[in-house]
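Participant: Quick check, what structure comes out for this input:
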Amino acid sequence: MSTAHLAWFKSSYSGSQGGECVEVAVEWRAPGSGERSGPGPAGGLLAGAAARPRTVHIRDSKCVRPASLAFTPRAWSAFLRAARG
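Facilitator: Just a heads-up that it's a prediction; the model follows:
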């Protein structure tokens, strides 16, 4: 999957000295994409429902090609909990 269309940002832990940096990008699932975002009439979407993350991508800022790692939102949360100890 190409990630060229994603808006990447650096981790808040990345320093300005050119050290190791991790970049993150979120691919969003738009409301109305066929998934319920909350209890609505007949299982539909709630009015004004917000977009939710579909996939979280991470990559090394110094090696942006060829690949990134992709996580589901649930797997990303588990990864962060484990990394924080």
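Participant: Can you mark which positions in the helix or strand containing F79 are buried?
Facilitator: According to DSSP states H and E, F79 maps onto helix 73-84. For helix 73-84, a neighbour-count test (16 or more other C-beta atoms under 10 Å) marks W76 as buried. Placement of C-beta: from N, CA and C, glycine included.
Participant: contact partners of that helix?
Facilitator: By C-beta atoms under 8 Å, 6 or more residues apart in numbering, the list of residues contacting helix 73-84 from outside reads 52-56, 71.
Participant: could you dump that helix to PDB, C-alpha only?
Facilitator: Taking Å, rounded to 0.1, in the frame of the first residue of the first chain, the C-alpha atoms of helix 73-84 are listed here in PDB:
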ATOM      1  CA  PRO A  73      -6.100   1.500  16.200                       C
ATOM      2  CA  ARG A  74      -6.400  -1.300  18.800                       C
ATOM      3  CA  ALA A  75      -3.000  -2.800  18.000                       C
ATOM      4  CA  TRP A  76      -1.400   0.700  18.100                       C
ATOM      5  CA  SER A  77      -2.900   1.300  21.600                       C
ATOM      6  CA  ALA A  78      -1.500  -2.000  22.700                       C
ATOM      7  CA  PHE A  79       1.900  -1.100  21.200                       C
ATOM      8  CA  LEU A  80       2.000   2.200  23.000                       C
ATOM      9  CA  ARG A  81       1.000   0.600  26.400                       C
ATOM     10  CA  ALA A  82       3.800  -1.900  26.000                       C
ATOM     11  CA  ALA A  83       6.400   0.700  25.000                       C
ATOM     12  CA  ARG A  84       5.500   2.900  28.000                       C
END
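Participant: Would you work out how far apart the start and end of stretch 7-27 are?
Facilitator: Counting by C-alpha to C-alpha, to the nearest Å, you get 9 Å between the two ends of stretch 7-27.
Participant: Can you report the mean pLDDT over the residues of it?
Facilitator: If you average the pLDDT over stretch 7-27, you get 76.
Participant: ditto for stretch 75-84
Facilitator: On average, the pLDDT along stretch 75-84 is 91.
Participant: hey, C-alpha coordinates of whichever strand or helix holds H57 in PDB?
Facilitator: For H57, the enclosing helix or strand under DSSP H and E is strand 52-60. In PDB, the C-alpha atoms belonging to strand 52-60 read as follows (Å, rounded to 0.1, in the frame of the first residue of the first chain):
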ATOM      1  CA  ARG A  52     -12.100   7.600  13.300                       C
ATOM      2  CA  PRO A  53      -8.700   6.200  12.600                       C
ATOM      3  CA  ARG A  54      -8.600   3.300  10.200                       C
ATOM      4  CA  THR A  55      -4.800   2.600  10.300                       C
ATOM      5  CA  VAL A  56      -1.800   4.100  12.100                       C
ATOM      6  CA  HIS A  57       1.400   4.100  10.100                       C
ATOM      7  CA  ILE A  58       4.900   4.500  11.600                       C
ATOM      8  CA  ARG A  59       8.300   4.800   9.800                       C
ATOM      9  CA  ASP A  60      11.900   5.900  10.300                       C
END
